[in-house]
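# Here is the input, now give the coordinates:
(chains A and B)
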Amino acid sequence: MQNPWIYIGLFLVIGIVVPVAPLIIAAVIAPKKPNPIKQSTYECGMETVGDSWVQFKAQYYVFALAFLIFDVETVFLFPWALSLNILPFFVVVEGIIFILILLAGLVYLWRKGMLEWV
Amino acid sequence: MSFWNFWTDPIGVADAWLRGLFAGWGMPEFWVSLLVSLIGIVVLVVFALVLDIMLVWVERKVVARFQGRLGPNRVGPFGLFQPFPDIVKLIIKEDITPAGADKVVFNMAPVISAMSVIILWAIFPLAARVYGTDLNVGVLYLIAAGAFGTLSVIMAGWSSNNKYALLGAFRSVATMISFEIPLVVTLLIPVVITGSMSLKAISEAQINSVPFFLVAPLAFLIFLISAIAELGRSPFDLNEGESEIVSGFHIEYSGMKFGWFYAGELLHSYTVGGLMGILFFGGWGWFGLEKVLPWLDTPFFGAISVLGKALIGYWIIMWIKYTVPRIRIDHMLAFNWKFLTPLSFALLMVMAVVHSLLKEQALWIYVPAMFLSNILVGWVTLEILRNNARQQRDAVKTPEPVAQH
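Numbers count the residues shown, from 1 in each chain, chains lettered A, B, ... in the order given. Predicted coordinates:
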C-alpha cells in the first residue's frame, strides 16, 4: 500500500465493524423483557436522589487545564526530538529553554496550591 | 517457494500468493493492494481478538494462582476453553439500557473502547516485514489512539445516567490524562535516540545497536508506571471501588457491551506489554542471539519474540496489579504532578543533551554514558525526596509550643 493512511482508514472501519458485530448478534438473539424496575438507574441498589448529572469537584478542571498545557507542549516537542540528530546543539538548548518555561507553569501551579487535592 | 520458506515467513508467502492471484484475475494495481490490505487487516484483527479470548483465561488463571486458588479448570484441559462459553453467555444475556440514559452515546462507548485498542495493532511491527503499516508518525498515532480510550470512558460515565458511573468516569479520566504526560514524555526518549517516530525504525535501531532499556532504564520505568495508570489497573484502579462507586464508569452496562469494556482492558494491557517490548526491548530481535542463530532472524520467530515480550510485559502488569495495594486519589495525583512529570521532563532534557553531545561517539561510550545519566537523574531525584522527607520528620520532631490563650 503506497499511502499508509488508506490502510489506517481501512483499519478504523474494520476496528468499528468488529466490535459492532457481536452487539448486533446480541441484539437479535438476546431476550428483551424490559420493565420499569429493571430499567431504573442502578437497579439492584439504592434509588438515586435527584438528578444524576450532578456538579462535581472544580479540581478536575484544574488538572484538565494543566494536562492541556503539557499535552500541547509535548506536541511541539515531537518535531524537536525528531530533528536532534540533524540540527546543531543550539537547538537542544532552545528546546530546553522551552521546556523550562513550561515547567515554570507547573511550579506556579504548585506554589499556588492547585496541585493539592482538597 | 519451498516448504521451509512458508513456515519461516507465512505472511510474506501468503501476501505474494494473493497478489499474484488477484493480478492474474486482471485487477488494477491499486485494487489488488487494497484487497490484500483488507484481507490482512481482517486476519490481524481476528488474530488480536483470538489472543484477547485467550487472555481472559490467562488473566483468570494467573489471578487465581496469586490468590492461592485453582482458577478455571473444568472446561477443557486446564480450563482452556472457559472463555468460549463465557462469550456465548455474554451474547445471549439480556441487554439492559437504563431508562434515563443517552442511548446513542451509551451504545457508542463500548465500541469506541474496543476500537481504541484494536487500532493500535495497525502499526504493531511483528517482524522486519510483518507489520500492518509503517507510519512515519507511529508514536503520535499511539497517543491519538489512546485518547479514544479516554473519550470512551467519559462517554460511558456521562451517558449512563448514574452518579456512580459519572464519579467513576471523572476519576478515571483524571488518572488517564494526568499520567498521559509522563507517558508521552518517555515516548519522546526513544524518538530522541532513534530520530524517527516509526515503531519499525525504533525496533531496527535497537536491533542494530542495543535495546533501549540499557540506554534509558529510567525512561522505561516511568513508561511502565504511567502505562499502568493509563490502563486504569491496580494500584491506580480508582475508577473502581466496591465500597464507594461500585464498578465505576461501566456499572450500567450488561451483556456484550460490558464484555467489550472487559476484553478491551485485557487486550490493552497486552498491547501495552508489546509496546514496552517494541520501544525498550528490541522489538522482534532476540538480544543479539539472532546473529549467532540465523534462523531466529525470520519473520516467524520475530513475531514469536514480539508476542513473547508482550506476554512478559503483560505478566509484569498483572504481577503489579495483584500484589500492590491501591493508592488514594490525592496521593496518585500528587505522585504524578509533583514527582513523575518533573522527573520525566528532567530526564528528557538530560537525555537530549547527552545524546546530542555523544551521538557521534562509538557505541561503547554512548551507551554507558546514557545509562549513567539515567542513573544519575534517578539518584538525584531520590536524594531530593530523602531530603524532603528528612525535613518533614525534623519538623515533627520539634513540636511547636501549644499556644497560650
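# got any ranges where chain B has weak pLDDT?
B:1-7, B:399, B:404-405 (pLDDT under 70).
# Excluding sequence neighbours, find me the nearest residue to the closest residue to chain A within it.
When distances are taken as Cβ to the nearest Cβ, chain B reaches nearest to chain A at B:Asp330, 3.4 Å away. C-beta here means a position set from N, CA and C on the backbone, and glycine is covered the same way. Closest residue in space to B:Asp330, ignoring its immediate chain neighbours: A:Trp117 at 3.4 Å, by Cβ to Cβ, 6 or more residues apart in numbering or on different chains.
# Tell me, how many residues neighbour that neighbour?
By other Cβ atoms under 10 Å in any protein chain shown, 16 other residues sit near A:Trp117.
# Now do the same contact list for the residue positioned nearest the centre of chain B.
With distances taken as Cα atoms, centre = their mean, chain B has B:Val272 as the residue nearest its mean C-alpha position (1.6 Å). Counting by Cβ atoms under 8 Å, 6 or more residues apart in numbering or on different chains, B:Val272 touches B:227, B:230-231, B:313-314, B:317.
# Check for me that it belongs to a strand.
No - looking at B:Val272 with DSSP: H, G, I helix; E, B strand; the rest coil, it is helix, so not inside a strand.
# follow-up on the earlier one: quick check: the residue of chain B closest to chain A touching A:Leu115?
No - checked against Cβ atoms under 8 Å, the pair B:Asp330 and A:Leu115 is beyond contact range at 9.7 Å.
# who has more neighbours, those two?
A:Leu115 (20 against 13).
# I'd say the more buried one and B:Phe335 touch.
No - shown here, A:Leu115 and B:Phe335 do not form a contact pair, counting by Cβ under 8 Å, at 10.8 Å.
# re the thing from before, the residue nearest to B:Asp330 contacts B:Asn336, correct?
No - counting by Cβ under 8 Å, A:Trp117 stays clear of B:Asn336, with 11.2 Å between them.
# low-confidence ranges in chain A?
In chain A (pLDDT under 70), the answer is A:1-2, A:43-45.
# May I ask you to name the longest helix in it?
Once chain A is assigned using DSSP state H, the helix that runs over the most residues is helix A:4-29.
# State the phi and psi torsions of B:Val246.
phi 50, psi -120 (degrees, to the nearest 10).
# distance of it from B:Trp286?
45 Å (Cβ to Cβ, to the nearest Å).
# And for A:Lys57?
From A:Lys57 to B:Trp286 the distance is 50 Å (Cβ to Cβ).
# longest helix of chain B?
Per DSSP H, chain B has its longest helix at helix B:29-66.
# buried residues in that one?
Under the neighbour-count criterion of 16 or more other Cβ atoms under 10 Å in any protein chain shown, helix B:29-66 has B:32-34, B:36-37, B:40-41, B:44-45, B:48-49, B:51-53, B:55-62, B:64 buried.
# Likewise for stretch B:139-155?
B:139-143, B:145-146, B:148-155.
# and chain A, which of those residues contact it?
B:139-141 (Cβ under 8 Å from any Cβ of the partner chain).
# Start from the N-terminal end of chain A and give the helices.
Here chain A has its helices, by DSSP H, at A:4-29, A:59-82, A:89-111.
# Quick check: residues of the stretch 301-405 of chain B near chain A?
B:329-330, B:333-334, B:337-338, B:341-342, B:345, B:348-349, B:352-353, B:355-357, B:359.
# Mark which of these are buried, thanks.
Using 16+ other Cβ under 10 Å, the buried members of those are B:329, B:333, B:337, B:341-342, B:345, B:348-349, B:352-353, B:355-356.
# In strands, which of the residues you listed fall?
Among these, no residue falls in strands (DSSP state E).
# List the contacts of the residue nearest to B:Asp330.
A:59, B:329-330, B:333-334.
# got the residues of the stretch 151-300 of chain B near chain A?
Going by Cβ under 8 Å from any Cβ, the residues of the stretch 151-300 of chain B near chain A are B:158, B:160-164, B:166-167, B:170, B:173-174, B:177-178, B:180-181, B:184-185, B:188, B:191-192, B:195-197, B:246, B:251-252, B:255-257, B:259-260.
# one more time with 7 Å
Where the stretch 151-300 of chain B comes near chain A, counting by Cβ under 7 Å from any Cβ of the partner chain, the residues are B:161-164, B:166, B:170, B:174, B:177-178, B:180-181, B:184-185, B:188, B:191-192, B:195, B:197, B:251, B:255-257, B:260.
# if we can go back for a sec, got JSON lines for the contacts of B:Val272, with neighbour count, secondary structure and distance to B:Ala403 too?
Converted to JSON lines, these look like this (neighbours: other Cβ atoms under 10 Å in any protein chain shown; DSSP: H, G, I helix; E, B strand; the rest coil; distance: Cβ to Cβ, whole Å):
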{"residue": "B:Ala227", "neighbour count": "24", "secondary structure": "helix", "distance to B:Ala403": "49"}
{"residue": "B:Glu230", "neighbour count": "23", "secondary structure": "helix", "distance to B:Ala403": "47"}
{"residue": "B:Leu231", "neighbour count": "23", "secondary structure": "helix", "distance to B:Ala403": "49"}
{"residue": "B:Gly313", "neighbour count": "24", "secondary structure": "helix", "distance to B:Ala403": "55"}
{"residue": "B:Tyr314", "neighbour count": "24", "secondary structure": "helix", "distance to B:Ala403": "56"}
{"residue": "B:Ile317", "neighbour count": "22", "secondary structure": "helix", "distance to B:Ala403": "51"}
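# which of the residues you listed lies closest to A:Val91?
Nearest to A:Val91 out of these is B:Ala227 (Cβ to Cβ; 29.2 Å).
# Run a quick neighbour tally on the closest residue in space to A:Tyr42 that isn't next to it in sequence.
The shortest distance from A:Tyr42 to any non-neighbouring residue, by Cβ to Cβ, 6+ apart, is to B:Asn162 (5.5 Å). By the criterion of other Cβ under 10 Å, B:Asn162 has 25 neighbours.
# you'd agree B:Asn162 is up against A:Val54?
No - the criterion here is Cβ atoms under 7 Å, and B:Asn162 misses it with A:Val54 at 10.8 Å.
# mind checking how far the spatially closest residue to B:Ser209 that is not a sequence neighbour is from B:Ile193?
Spatial nearest neighbour of B:Ser209, excluding adjacent residues (Cβ to Cβ, 6+ apart): B:Leu363 at 5.8 Å. In this view, B:Leu363 and B:Ile193 are 12 Å apart by Cβ to Cβ.
# Looking at those two, which has the bigger crowd around it?
The residue with more neighbours, out of B:Leu363 and B:Ile193, is B:Ile193; 25 against 11, by other Cβ under 10 Å.
# What is the strand or helix carrying that one packed up against?
In this structure, B:Ile193 is located in helix B:163-194 according to DSSP states H and E. Packing partners of helix B:163-194 (3 or more Cβ pairs under 7 Å, 6 or more residues apart in numbering or on different chains; DSSP states H and E): helix A:59-82, helix B:138-159, helix B:199-208, helix B:212-215, helix B:217-231, helix B:329-334, helix B:341-358.
# neighbouring contacts of the first one?
Spelled out, it's helix A:59-82. Here helix A:59-82 makes contact (Cβ atoms under 7 Å, 6 or more residues apart in numbering or on different chains) with A:95, A:102, A:105, A:109, A:114, A:117, B:140, B:170, B:174, B:177-178, B:180-181, B:184-185, B:188, B:191-192, B:195, B:197, B:333.
# Which members of the residues you listed are classed as buried?
If we count by 16+ other Cβ under 10 Å, the contacts of helix A:59-82 have these buried: A:95, A:102, A:109, A:114, A:117, B:140, B:170, B:174, B:177-178, B:180-181, B:184-185, B:188, B:191-192, B:195, B:197, B:333.
# what about A:Lys57 and B:Trp286, which has more around it?
Taking other Cβ under 10 Å, A:Lys57 and B:Trp286 do not tie; B:Trp286 has more neighbours (18 against 13).
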